[in-house]
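A.B. asks: this is the structure alone, sequence omitted:
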């Protein structure tokens with residue numbers, strides 16, 4: 001039975017993965033580290049900023065202090081706030097699906113993006129009111145593919161609903177675009193719908209179902225995945 005839906009953000013709601021790649025590449029280049037597009041989409045896509053910068057430094061044999069990591073994250077965030085003003089694009093189907101689902105089901109976002117980035121974009125596209133919970137990079141200690149972010153999103157939904165019959169993980173559907181996100185959802189005990197916005201279907205085969213777009217998707221299709 002489907003009782004809640006948890007959305008990833010980057011690559012599912014907003015088409016900004018190319019922007020994130022360009023900004024990771026820009027910041028790392030400033031630090032003397034080269035990041036190719038192939039490497040980003042193969043190994044970095046599902047990481048939050050903390051995980052991506054840590055991985056890049058480790059792969060290049062560079063030490064990374066907590067203070068330096070914080071500086072890298074803030075520099076990228078500043079670049080992002082500037083770029084997203086002119087480059088933001090919402091994926092097809094999102095602005096129809098989200099309000100429709102929100103009328104009947106509690107919705108959450110579980111994303112490795114920074115909270116400020118999520119809130120700015122949701123406000124800009126008029127979807128803020130439809131999500132009862134947001135869990136962002138600042139809220140977890142271990143990012144995807146660990147299940148922490150999804151379990152915290154569910155806990156927030158249950159706290160908001162304050163029901164005598166809390167939603168269980170098996171009653172949640174996660175909508176993701178990355179291999180790491182799919183694995184995190186499955187480890188949390190949740191079903192997962194993958195969308196091929198960032199990877200081909202052959203790389204998303206751990207999901208319960210795969211679609212090319214959220215356009216035309218509605219509650220009946222999501223309920224079928226959880227039945």
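C.D. replies: Looks like it arrived, so ask away. Everything numeric here is computed off the predicted structure, so don't read it as measured data.
A.B. asks: contact partners for residue 75?
C.D. replies: 27, 30 (Cβ atoms under 8 Å, 6 or more residues apart in numbering). C-beta: built from backbone N, CA, C; applies to glycine.
A.B. asks: could I get the pLDDT score of residue 218?
C.D. replies: With respect to pLDDT, residue 218 scores 94.
A.B. asks: contacts for stretch 180-188, please.
C.D. replies: Identification of contacts with stretch 180-188 by Cβ under 8 Å, 6+ apart yields 6, 8, 45-47, 143-147, 149-151, 154, 169, 172, 174, 176, 191-192, 194, 204, 206-207.
A.B. asks: ok now that stretch, how far from the chain's centre?
C.D. replies: Computed by Cα atoms, centre = their mean, to the nearest Å, the chain-centroid distance of stretch 180-188 equals 11 Å.
A.B. asks: make a PyMOL selection of the buried ones in the contacts of stretch 180-188.
C.D. replies: The PyMOL selection below is limited to those of the contacts of stretch 180-188 classed as buried (16 or more other Cβ atoms under 10 Å):
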select buried, resi 6+8+45+46+47+143+144+145+146+147+149+150+151+154+169+172+174+176+191+192+194+204+207
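A.B. asks: hang on, residue 192 in a helix?
C.D. replies: No: read with DSSP: H, G, I helix; E, B strand; the rest coil, residue 192 is strand and lies in no helix.
A.B. asks: hang on, it packs against residue 174?
C.D. replies: Yes: counting by Cβ atoms under 8 Å, residue 174 is a contact partner of residue 192 at 4.7 Å.
A.B. asks: report the spatially closest residue to residue 90, excluding sequence-adjacent ones.
C.D. replies: Counting by Cβ to Cβ, 6 or more residues apart in numbering, the nearest residue to residue 90 once its immediate chain neighbours are dropped is residue 125, at 5.5 Å.
A.B. asks: how close does the one you found get to residue 53?
C.D. replies: 28 Å (Cβ to Cβ, to the nearest Å).
A.B. asks: and the two? Which one has more around it.
C.D. replies: Neighbours were counted for residue 125 and for residue 53 using other Cβ atoms under 10 Å; residue 53 has more, 25 against 16.
A.B. asks: sweet, I'm off.
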